[in-house]
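Enquirer: what would the 3D arrangement of this be:
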Amino acid sequence: MKVLITGATGLIGQHLTAQLHQDNIDVHYLTTSRNKIEQQPNYQGFFWDAKTQEIDTACLKGVTTIVHLAGASIAERWTEDYKETILKSRTETADLLRKTLKENEHTVTHFISASAIGAYPSSKTEIYTESYPDYNPGFLGEVVEVWEAAADRFKDLGLKVSKVRVGVVLAEKGGALEKLIQPIKMYVGAPLGDGEQWQSWIHVTDLASIFKTIIQKGLEGVYNAVAPNPVTNETLTKEAAKILNKPLIVPKVPRFALKLLLGEMAAIVLESQKVSSSKAESVYEYKFNQLHRALKDLLA
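Expert: Prediction:
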């Protein structure tokens with residue numbers, strides 16, 4: 001088995017690559033930087049650029065599965081131009097991969113795309129499973145809808161398609177946790193808004209393992225990549241502060257202040273999604289079920 005990864009140098013890509021290598025699975029990766037191209041026996045880089053429609057088709061040699069993780073960060077201010085960048089970075093890259101497969105001989109049978117739990121509308125009471133029919137009416141929902149539609153078009157080529165809806169990623173470096181603990185370490189940490197919004201989190205090790213499981217078992221369809229026990233923003237903040245042994249002396253950050261500071265992007269921290277992990281649990285045994293254990297592993 002050989003896997004082609006886009007976004008391989010990002011947080012999820014690095015952890016997934018390491019786990020695939022542990023199982024002696026070779027990785028090809030696509031990069032927009034010629035300086036990041038490596039040529040090792042089990043890790044080979046190839047250049048691509050969706051804007052110019054350029055791609056080194058040698059990236060497909062021997063590949064059975066493509067994992068599409070590339071996409072501009074949503075954690076930047078949402079100007080109208082940047083919102084377009086967020087959308088295009090997901091759809092144009094997928095379309096280039098699809099065009100490349102259509103026009104070249106290949107051995108690819110499976111396309112796996114990252115997605116996000118921002119697919120689900122904000123709710124403090126609903127428990128979301130993969131079968132929930134409607135997309136979030138806000139910008140996050142729009143992103144996921146076009147992202148997943150771009151993935152579904154690979155079915156036209158006879159490929160199996162999987163979409164992995166990623167939750168709030170907890171990692172030692174990068175991801176949501178790094179941003180959460182910065183103010184806590186500076187003694188200005190606080191729950192955001194009313195703190196009651198649900199955060200469906202996942203430890204990065206389990207996240208990479210879910211992708212690996214889908215690759216190795218050839219699983220199709222939508223999977224929520226979240227841990228079994230979601231928590232509120234207030235619980236997450238307090239638990240992190242407790243493990244870091246830092247007091248929370250600042251009151252909750254009001255909703256209006258976050259909207260003034262972040263604009264429309266405040267949706268990332270204020271929206272509430274309580275997401276079910278039952279489907280992922282049916283194919284994968286989590287290492288980090290409880291928030292305390294996950295945070296202790298990453299912060300202690």
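Enquirer: quickly find the element holding Tyr132.
Expert: Using DSSP states H and E, Tyr132 sits within no helix or strand.
Enquirer: and for it, nearest residue in space, chain neighbours not counted?
Expert: Spatially, and ignoring its direct neighbours in sequence, Tyr132 is nearest to Tyr120 (6.1 Å; C-beta to C-beta, 6 or more residues apart in numbering). C-betas here are computed from N, CA, C, even on glycine.
Enquirer: neighbours of the one you found, just the number please.
Expert: Residues contacting Tyr120 under the criterion other C-beta atoms under 10 Å number 27.
Enquirer: over to Asp152?
Expert: Each residue near Asp152 was counted by other C-beta under 10 Å, and the total is 14.
Enquirer: assumed it was part of a helix.
Expert: Yes: the assignment for Asp152 by DSSP: H, G, I helix; E, B strand; the rest coil puts it in a helix.
Enquirer: and the pLDDT at the closest residue to it other than its chain neighbours?
Expert: When the adjacent residues along the chain are set aside, Asp152 lies closest to Val161, with 6.0 Å between them (C-beta to C-beta, 6+ apart). Per-residue confidence (pLDDT) for Val161: 98.
Enquirer: now Ala50
Expert: 94.
Enquirer: return the residues in contact with it.
Expert: Ala50 makes contact with 88-89, 92-93, 95-96, according to C-beta atoms under 8 Å, 6 or more residues apart in numbering.
Enquirer: buried subset of the residues you listed?
Expert: When neighbours are counted using 16 or more other C-beta atoms under 10 Å, those contain these buried positions: 88-89, 93, 96.
Enquirer: ok, these vs Ile112, which is closest?
Expert: Ranking the buried ones among the contacts of Ala50 by separation from Ile112, with C-beta to C-beta as the measure, puts Thr93 on top at 13.9 Å.
Enquirer: that closest one contacts His68, doesn't it?
Expert: Yes: between Thr93 and His68 there is a contact under C-beta atoms under 8 Å: 7.0 Å.
Enquirer: just the helices in the stretch 151-300 of the chain please.
Expert: Using DSSP state H, counting those that start in this stretch, the helices of the stretch 151-300 of the chain run over 175-185, 204-217, 233-244, 255-262, 267-270, 278-281, 291-299.
Enquirer: tell me how many other residues crowd Ala280.
Expert: For Ala280, the number of neighbouring residues by other C-beta under 10 Å comes to 26.
Enquirer: what pLDDT does it get?
Expert: pLDDT, Ala280: 98.
Enquirer: distance of it from Asn289?
Expert: Here the distance between Ala280 and Asn289 works out to 12 Å (C-beta to C-beta, to the nearest Å).
Enquirer: same question for Gly7.
Expert: When C-beta to C-beta is the yardstick, Gly7 and Asn289 sit 27 Å from each other.
Enquirer: do Ser122 as well
Expert: Separation of Ser122 from Asn289 (C-beta to C-beta): 25 Å.
Enquirer: and these two? Which one has more around it.
Expert: The neighbour comparison of Ser122 against Asn289 (other C-beta under 10 Å) goes to Ser122, with 18 against 15.
Enquirer: isn't that one right up against Leu140?
Expert: No: under the criterion of C-beta under 8 Å, Ser122 makes no contact with Leu140, lying 9.1 Å away.
Enquirer: so who does Lys238 touch?
Expert: Residues in contact with Lys238, defined by C-beta under 8 Å, 6+ apart, are 191, 248.
Enquirer: try Gln53
Expert: For Gln53, the residues meeting the contact criterion (C-beta under 8 Å, 6+ apart) are 96, 99.
Enquirer: give me phi/psi at it?
Expert: With angles defined as degrees, to the nearest 10, Gln53 sits at phi 60, psi 30.
Enquirer: ok, Trp78 next?
Expert: The phi and psi torsions at Trp78 (degrees, to the nearest 10) take the values phi -80, psi 70.
Enquirer: burial of it, as a residue count?
Expert: Tallying neighbours of Trp78 according to other C-beta under 10 Å, which is how burial is gauged here, yields 19.
Enquirer: distance check, it against Arg165.
Expert: Plainly put, Trp78 is 20 Å away from Arg165 if you go by C-beta to C-beta.
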